[in-house]
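In: predicted model and sequence below, questions to follow.
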Amino acid sequence: SGSGSGGQDSGNGSFFDVVVTAEDGQAVTYTLQVDRQPPSSNAQLGQLALAPHLAGVAALSPAFDRDTVNYTVTVPHHVEALELLVHPDHVGATIEVGLVHQAGQAPAEDGSC
């Protein structure tokens, strides 16, 4: 049989003991240290693209590069919605997408359009 216990935090990580006991009562203890990496500071996108159904109708310019932060998308007049595919470069990052303001329209004092 086996059992696990622990969660003793040393400040550098947590230690877990895994005890394996044979039928005759002899036991062997294995110790597992779990160290946490510091939080990532990667706030870049890993993907920025237009949805596939917009292919041939609209294009991202310039082509996506994680070090480029300004892009333009030109769409025909009849296009009323734009679907973006966005993913962070690091799995722990979060993404917010919002309309800053429409061209030719200054944002209101509260930041809304």
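Out: Yes, it's here.
In: alpha carbons only for contacts and neighbour counts from here, please
Out: OK.
In: flag the shaky bits of the protein, pLDDT-wise.
Out: Filtered on pLDDT under 70, the chain yields the residue ranges 1-12, 100-113.
In: residue farthest from the centroid of it?
Out: Distance from the centre of the chain peaks at D24, with 49.5 Å (CA atoms, centre = their mean).
In: next, count neighbours for L45.
Out: If you count neighbours by other CA atoms under 10 Å, L45 ends up with 20.
In: do the same with A22
Out: If we define neighbours as other CA under 10 Å, then A22 has 11 of them.
In: first residue to last residue on stretch 16-30, what's the distance there?
Out: This stretch, stretch 16-30, spans 8 Å end to end (CA to CA, to the nearest Å).
In: same thing with stretch 19-38?
Out: 30 Å.
In: and that stretch, how far out from the chain's middle?
Out: 33 Å (CA atoms, centre = their mean, to the nearest Å).
In: how about stretch 57-72?
Out: With CA atoms, centre = their mean, you get 20 Å for stretch 57-72.
In: in this structure Y30 contacts T21, no?
Out: No - Y30 is beyond contact range of T21, at 11.3 Å (criterion: CA atoms under 8 Å).
In: hey, what's F15 bridged with?
Out: Going by DSSP bridges, F15 is paired in beta bridges with Q8, Q33.
In: what's around it, how many residues?
Out: 17.
In: from P38, how far off is it?
Out: According to CA to CA, F15 and P38 sit 18 Å apart.
In: what do you get for H87?
Out: 21 Å.
In: and what of S61?
Out: Distance of S61 to P38, given as CA to CA: 35 Å.
In: for the two, indicate the residue with more neighbours.
Out: Taking other CA under 10 Å, S61 and P38 do not tie; S61 has more neighbours (11 against 6).
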